[in-house]
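Peer 1: Dropping a prediction and its sequence here:
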There are 2 protein chains.
Amino acid sequence: MKLIYFFEEGGKEMVNLLGGKGAGLAEMTKIGLPVPHGFTITTEACKIYISTGKLPEGLWEDVVKSMHILEERTGKKFGGKENPLLVSVRSGAPVSMPGMMDTVLNVGLNDETVLGLANLTNNERFAYDSYRRLIQMFGRIVLGINGKYFDEVMDEMKKRKGVKNDVDLDSNDLKNMVNQFKEVVIKNGYEFPQDPYKQLELSIKAVFESWNNDRAKVYRKLNNISEELGTAVTIVQMVFGNMGFDSATGVAFTRNPSTGEKDIYGEYLPNAQGEDVVAGIRTPKPIKEMEKEIPSAYRELLKSAEILEKHYRHPQDIEFTIERGKFYLLQTRNAKMNARAVVKIAVDMYHEGIISEEEMIKRVDPSHLDHLLHPQVDERAKKIEIGKGLAASPGAGIGKVVFDPDTAVELSSKGEKLILVRPETMADDVHGIAVSQAVLTSRGGMTSHAAVVARSMGKPAVVGAEEIKIDMKSRKFESNGYVVKEFDIITVDGTSGKVYLGEVPLIRPELTEELKELLEHCDKIRVLGVRANANTPEEASLAREMGAEGIGLARTERMFLGEDRLPIMVAMIMSKTKDERVENLNKLLEMQINDFVEFFRTMDGYPVIIRLLDPPLHEFLPKEENLMNEIFELKFKLRDTKDTKEIDRIISTINEKENILKTVRSLKEFNPMIGFRGCRVGIIYPEIYEMQVRAIIRAAVKVKNEGKTVIPEIMIPLVGIDAELKYLREKLFTIAEEESKNIVKFKFGTMIEVPRGALTADKIAEYADFFSFGTNDLTQMTFGFSRDDVEATFMNRYLEMNILKNNPFEILDRDGVGELMKIAVEKGRKTNPNLEIGICGEHGGEPSSIEFSHIIGLNYVSASPYRIPIARLAAAQATIKYKKNLNK
Amino acid sequence: MKLIYFFEEGGKEMVNLLGGKGAGLAEMTKIGLPVPHGFTITTEACKIYISTGKLPEGLWEDVVKSMHILEERTGKKFGGKENPLLVSVRSGAPVSMPGMMDTVLNVGLNDETVLGLANLTNNERFAYDSYRRLIQMFGRIVLGINGKYFDEVMDEMKKRKGVKNDVDLDSNDLKNMVNQFKEVVIKNGYEFPQDPYKQLELSIKAVFESWNNDRAKVYRKLNNISEELGTAVTIVQMVFGNMGFDSATGVAFTRNPSTGEKDIYGEYLPNAQGEDVVAGIRTPKPIKEMEKEIPSAYRELLKSAEILEKHYRHPQDIEFTIERGKFYLLQTRNAKMNARAVVKIAVDMYHEGIISEEEMIKRVDPSHLDHLLHPQVDERAKKIEIGKGLAASPGAGIGKVVFDPDTAVELSSKGEKLILVRPETMADDVHGIAVSQAVLTSRGGMTSHAAVVARSMGKPAVVGAEEIKIDMKSRKFESNGYVVKEFDIITVDGTSGKVYLGEVPLIRPELTEELKELLEHCDKIRVLGVRANANTPEEASLAREMGAEGIGLARTERMFLGEDRLPIMVAMIMSKTKDERVENLNKLLEMQINDFVEFFRTMDGYPVIIRLLDPPLHEFLPKEENLMNEIFELKFKLRDTKDTKEIDRIISTINEKENILKTVRSLKEFNPMIGFRGCRVGIIYPEIYEMQVRAIIRAAVKVKNEGKTVIPEIMIPLVGIDAELKYLREKLFTIAEEESKNIVKFKFGTMIEVPRGALTADKIAEYADFFSFGTNDLTQMTFGFSRDDVEATFMNRYLEMNILKNNPFEILDRDGVGELMKIAVEKGRKTNPNLEIGICGEHGGEPSSIEFSHIIGLNYVSASPYRIPIARLAAAQATIKYKKNLNK
């Protein structure tokens, strides 16, 4: 078995045998880049050493032979007095385990070779510093001596000399220290070996053994890395950037990691070693200056950068050293870049012919786009942080604090920018959220009402900021000692979860040219359609800008709210007879027609799925507690009132409120989430849906008559029984046909959000032109998790304990919820092969869930407007990942 | 095509061609019973008549020929003056449509034959009464004359004679009436045909046409009967029971329909016609007297009864007429019997060799047993009904009214019998229900807490009795004007849903010898095991009596309640640290060990599945509203208190209550049903389950050491994620092993009650020895129906509208919930082929659900003790119904 590979014999594909470092150096050598000479002892040798406690037979002889070859290649001699060869002995596992295993530098120095090094570098201090480092490192790592003994010597020395840093020690001090370090070794029962080959042998063994040190074991366990891999040992010729001003050391990115510009970016230090950069005593120079100062090495750097990019097809982050004008690459790895740069570079590299179209698309992580698409707090700006909560909806918002939605609506109509601050939000806060720049709540989790609504509206939100104590009575909040009154300005950063006092400068998002181009490529490739969840014409318009091909979910709840509508809605709910109810609904009819007209105009030419009323009726009524308080206060007032007219007025108000209270109580449910809502309300009070369908089709006819293309699709929520849909379809179809007079075509479909709906999809599909998975509710019912409660109770512990890998409200649960979706797709299409199936839960904008939607063959995903680009990208990536035999 | 069949040519298998009546008479004729002569015109003839409007070609000629044969057989002549043959012309469809179509009697009477009939019967009055009936019936049915014209004549006649009933009219009156009826016919543009064949022809056509009368059409639509069937026409010789004292008419059951005794049971009237019995002027005689009075006919009756029973293999309900000593059977049908008789007769007939073992088992409807097994209100007793609600749990209970569980417990300990009356019940009422005779609530539905708990305990319950207005303050309720104070006695009938004032006599249930025998046969045949849901040693003991083969669900909630335990439980919940929590749990440990010891002793030799704590913690705490009221009252009291010691005491109580209130509020959930309960609590606070497992195994070891056989099976509720079960199994197994010291073997399993649990059953089965379907919760989550809310909102309307065929909380929903169960069984057994699977939801005691459990291959069902016999029967019936090639 071959146990040693010189760099030119290996390559990146041999990572299991040579470890990451060995394979990387081999790869660079293979493609002709200037890398110091060296060779790698394989992981197989390590495995044998670990199981037998001895080096494999013949290995040591091979190492000695290899060292001789190294001497030939470098023209230096290992243990030579004149031009000594020094090497580093480096660990390197097949999987990156940064800092977990050991490395010994400067092997080959001893009392004699140190003199040669001093001569050669003309730097006695450097030579002895290198020597004391070797003794120290060898002592700790190879001999297992407690590092504190060496530190004590160092501290004593600095104290005696009255200096703070070891760089302030001179060569005599260091000579002295070498002697003292040797004594430390002796005191611990060893002797520092003067024989370089002894140093080498022991170092190799020590590196092998470091595979099994405690921190490496823990790391492997945490990261699920096999115990069987073992580490390779790479022996590399030491090169020195501190051999004069034709020497240097530096780091460089092959492209600008912040802007993505194709321009080498980095810094270097002339006549210095890597550790000098780390020590930070000297300020490095911009890499461009190297062009003048060491032009040949600079040219070598540029050439290497180009070769590396072409070879790795990715911008690189490289480390180099120049020893006496000779350029050496010491390391290269894929560069980490910010979101904007990632996108630009992917597109540029595609144009440069370095990567294919598919690779360009795969290169961008969808989460990058999330960062790009929301206004961001300028990290560099000075700011006063007053609190922190959960980063529920990305982006930043600035405005005046208001504590209730009505004030928000009132001020917003005057052009004010506002932040809605609430303990938590409910359905009747939605009109307030709609006009605010951002939302801040002191309660609730990542999937609380505020978080969900804000995300769906693309509004920044920080929720569950528990330090914030809201005092609704005196209209202020207090947080960490700061008091913020109503109308004070704050900045809410939904990306970081932080809240700042006053106005913090923001960086505005933009769909860059490169991003637009990238997404156009995605559109060409992807199989999944991308629609938007949008509830207003404004949101619909934004959705189109972001590239939506239709509306996958337009909620109609909002149309029952608003100052002019809520009282009618309340009267409708309180109606004693059907006639009374119909009368109130008729008042809402005209208003809703106008809502839909605007919507259809905006979505000219695109399909629009409109979901009929979904929430429970009690959400439109005042809260029980508030009503009770109001009644109490009115009764109190009554005692102090003398005026009979006033008394009559108060009594009548009390009666009215008590009436509402009675209705509120009669609608109260133990578990409203799985209660009287959705199509259940639509079936018991069919006149509500009848009015909505009338409004939708009338509006559609009107817009059609304006010359536009209208494609309305009516969607019924919460269907779990085929007979529910059958009943409603028959009833509503008649009305839709009556109103459309054949002018407008429409479709009729259902949400699949109740487990039973999925399980009986074959029957339900008999009455549906389309399905749309409501994965928010489907997740609640499939897990039996109340979304409003889990965050406050067990969800976080479940994630910490790894009982759940992900929050299923964020990333679709493929095993459970996904299984139901698969069943529904299969059964639904069996009955109705033309069934159009999409997903409109929040998962529709989450990459892993989009991938799953592609796998199970959905027709489209629907996401909130700001997540449309993410969906386009994720859909294209899923297509690429799962395409079968596309080239055959 | 043959269109006419004499009775001896047909049989019961020809029901489609001959109709029910024709086939029945043919069948009796075929087996040699004395049936009047006659023949049937087929439904095919009817179809032709209806489509063409004409009798099929040749039919009339065949009818005339058949009438001649009838004349020969009877020795009478159709239209003959001396011994006239009269016939009835009867409708009869293949499917029973009682009273929907027409029949004409006495066809063949005219001005001449009436004289012959009068002579023959020596009863002029009877002859003319028969004649006027013919004219009236013929007029109405055949000629379509409005019946009121005939009624007017009759009324006028009675008025003139000053009598109330038509039987008080004499023969002259009836002669007179015949003439007036003829005039009515003439006034309506017809003439009553004197030609008997004309009468016959028109009657046949009229019966055919009656297939399409309005009420028949509506009936068919409502009952989903095909329009295509048509009716047959059966022509039967009229026989008369009023031809003297050797004639009679009567009805008889072949066995006693109330006791099941094998003894003919019925009554007869000598010298009378069927309609005389209906008119009720003469009191019929017990059938036994016929033995002396008309002995030959009586022997004929007994012989016929035996032949009929053997032939139909079912007790019969027969109608007969004796004409001049000759016995005629006119009709026979399967007799309707009460529950007790059904069971006895099934077993007796098996012993008599009339039916097979399987038929005996199939013969008893499981719902019969439900009636047999609960104390019943004596229907015949006088009683004052004061209200009515839903019949939530069968049986009747008598006792003193109490309004809270603590009073119930206190009084019950003094030997009092009580009825717990509450607006609705909660978990902390359970100890009160346990000691009461019955429960009565003014709110809630068939699946409310009170209903479910009562059924599980076999306690009678009436729930949702809305007329009952409970005044908790003055400790009384008012209902329909009756005021019932605490400690007044009432009777609650959970079978009918009625509530009575005072003590109403009850009939006690018993497992009769026949029932025991029947169930033993069931046990031999059935494949499904039958276990019990039982929470106390008393219930467990009852369950064994009822034939349970183990406990399928022992809930442990009750063990945390009770005067001595609840305060510790509250302290446990309020604990700030784990240590504090463990300390409180340790106090409960000893108590729970004792609970389990009793339980295991009772179930010696049988497996016992114990479910660890399931409900949310807040159910053990006082209600928010109550706490707020208590605190308010204490504060009020504080104002009036001078004594400083007393003040300190009150303040400390207020603080304590406010502390609890805080906890109550922190545990409050929007949707507790899908919130923090079940194994979720067990995972966050593992010390609770640890204590329970310790108690179970310690108790098991103790009972084992007493020489008994203990088979504990530990069950985790609400598992939806395999990692939940994995975590708990690992933790709890260690404890169980530690405690068992290999003395007791135990199993470890899980409820499958969350949809995701079913969908991922393959993974969950890796950590489970058994599954138990909790179909109550599984139904809630699969439908997204909150059981506590649906009854009050949309469930009833859904059932009325036929959107749901059944309430899925009563009868298992096979399409949705059942589909999930199938998936779970299949996936679970794939991973763990030895997985034991049962059902412990309430469906486990419901026959259709038991059948489904058999179909999908469960190992057992678990039902509340009083439903065990039902489960044994239903399981055997399912085995019979679905057995495959058992005899091959």
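Peer 2: Now that the structure is in, tell me what you want to look at.
Peer 1: Please report how far A:Lys524 lies from chain B.
Peer 2: Separation of A:Lys524 from chain B (C-beta to the nearest C-beta, to the nearest Å): 36 Å. (Glycine included, C-beta is placed from N, CA and C.)
Peer 1: shaky segments in the stretch 401-550 of chain A?
Peer 2: Low-confidence segments of the stretch 401-550 of chain A, defined by pLDDT under 70, are located at A:446-447, A:455-458, A:508-510.
Peer 1: Helices of that one, residue ranges please.
Peer 2: With DSSP state H, counting those that start in this stretch as the criterion, the stretch 401-550 of chain A has helices at A:405-412, A:430-434, A:449-457, A:513-525, A:537-545.
Peer 1: wait, A:Ile688 sits on A:Leu613?
Peer 2: Yes - the criterion here is C-beta atoms under 8 Å, and A:Ile688 meets it with A:Leu613 at 5.8 Å.
Peer 1: tally of neighbours for the nearest residue to A:Gly605 once chain neighbours are set aside?
Peer 2: Closest residue to A:Gly605 apart from its sequence neighbours, by C-beta to C-beta, 6 or more residues apart in numbering or on different chains: A:Thr709 at 4.5 Å. Using other C-beta atoms under 10 Å in any protein chain shown, A:Thr709 has 13 neighbouring residues.
Peer 1: Which positions in the helix or strand where A:Leu820 lies come out as buried?
Peer 2: Assigned by DSSP states H and E, A:Leu820 belongs to helix A:817-831. By 16 or more other C-beta atoms under 10 Å in any protein chain shown, the buried positions in helix A:817-831 come out as A:Val817, A:Gly818, A:Glu819, A:Leu820, A:Met821, A:Lys822, A:Ile823, A:Ala824, A:Val825, A:Lys827, A:Gly828, A:Arg829.
Peer 1: near chain B too, which of those?
Peer 2: Contacts with chain B within the buried residues of helix A:817-831, as defined by C-beta under 8 Å from any C-beta of the partner chain: A:Val817, A:Glu819, A:Leu820.
Peer 1: which one of those residues is nearest chain B?
Peer 2: Minimum distance to chain B across these is 4.6 Å, recorded for A:Glu819 (C-beta to the nearest C-beta).
Peer 1: Next up, phi/psi of the residue nearest to A:Met349 when sequence neighbours are not counted, please.
Peer 2: Counting by C-beta to C-beta, 6+ apart, A:Met349 lies nearest to A:Ile355, which is 4.7 Å off, once chain neighbours are set aside. Backbone torsions of A:Ile355, given as degrees, to the nearest 10, read phi -120, psi 160.
Peer 1: and the gap between A:Ile355 and A:Glu306?
Peer 2: As judged by C-beta to C-beta, to the nearest Å, A:Ile355 and A:Glu306 stand 15 Å apart.
Peer 1: okay, those two: which has more neighbours?
Peer 2: Neighbour totals were compared for A:Ile355 and A:Glu306, and A:Ile355 leads with 20 against 12 (other C-beta under 10 Å).
Peer 1: Give me the pLDDT for the more buried one.
Peer 2: For A:Ile355, the pLDDT comes out at 95.
Peer 1: Grab the most central residue of chain A for me.
Peer 2: Chain A has A:Ser367 as the residue nearest its centroid, 4.7 Å off, counting by C-alpha atoms, centre = their mean.
Peer 1: Can you point out the buried residues in the host helix or strand of A:Phe733?
Peer 2: Here A:Phe733, judged by DSSP H and E, is contained in helix A:722-740. For helix A:722-740, burial by neighbour count (16+ other C-beta under 10 Å) applies to A:722-729, A:731-732, A:735-736, A:739-740.
Peer 1: between those, which is nearest chain B?
Peer 2: Minimum distance to chain B across these is 4.3 Å, recorded for A:Ala723 (C-beta to the nearest C-beta).
Peer 1: Against A:Ala758, how distant is the closest residue to the closest one other than its chain neighbours?
Peer 2: Closest residue in space to A:Ala723, ignoring its immediate chain neighbours: B:Ile803 at 4.3 Å, by C-beta to C-beta, 6+ apart. According to C-beta to C-beta, B:Ile803 and A:Ala758 sit 18 Å apart.
Peer 1: where in chain A is pLDDT low?
Peer 2: Chain A contains residues with pLDDT under 70 at A:274-282, A:371, A:446-447, A:455-458, A:508-510, A:884-888.
Peer 1: Who are the contact partners of A:Ser66?
Peer 2: Each residue near A:Ser66 by C-beta atoms under 8 Å, 6 or more residues apart in numbering or on different chains is listed here: A:Ile4, A:Phe6, A:Phe39, A:Ile235.
Peer 1: Serialize those residues to JSON lines and add fields for secondary structure, neighbour count and distance to A:Met177.
Peer 2: Listed next are these as JSON lines, based on DSSP: H, G, I helix; E, B strand; the rest coil; neighbours: other C-beta atoms under 10 Å in any protein chain shown; distance: C-beta to C-beta, whole Å:
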{"residue": "A:Ile4", "secondary structure": "strand", "neighbour count": "18", "distance to A:Met177": "35"}
{"residue": "A:Phe6", "secondary structure": "strand", "neighbour count": "16", "distance to A:Met177": "36"}
{"residue": "A:Phe39", "secondary structure": "strand", "neighbour count": "26", "distance to A:Met177": "32"}
{"residue": "A:Ile235", "secondary structure": "strand", "neighbour count": "24", "distance to A:Met177": "27"}
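Peer 1: Make CSV from these and add distance to chain B to it.
Peer 2: Output for these, formatted as CSV (distance: C-beta to the nearest C-beta, whole Å):
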residue, distance to chain B
A:Ile4, 45
A:Phe6, 48
A:Phe39, 46
A:Ile235, 45
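Peer 1: and which of the residues you listed is nearest B:Phe748?
Peer 2: Nearest to B:Phe748 out of the contacts of A:Ser66 is A:Ile4 (C-beta to C-beta; 53.9 Å).
Peer 1: Could you verify my assumption that that closest one touches A:Asp62?
Peer 2: Yes - here A:Ile4 reaches A:Asp62: they are 5.1 Å apart, a contact under C-beta under 8 Å.
Peer 1: Name the residues contacting each of those two.
Peer 2: Both A:Ile4 and A:Asp62 lack any common contact, where contact means C-beta under 8 Å, 6+ apart.
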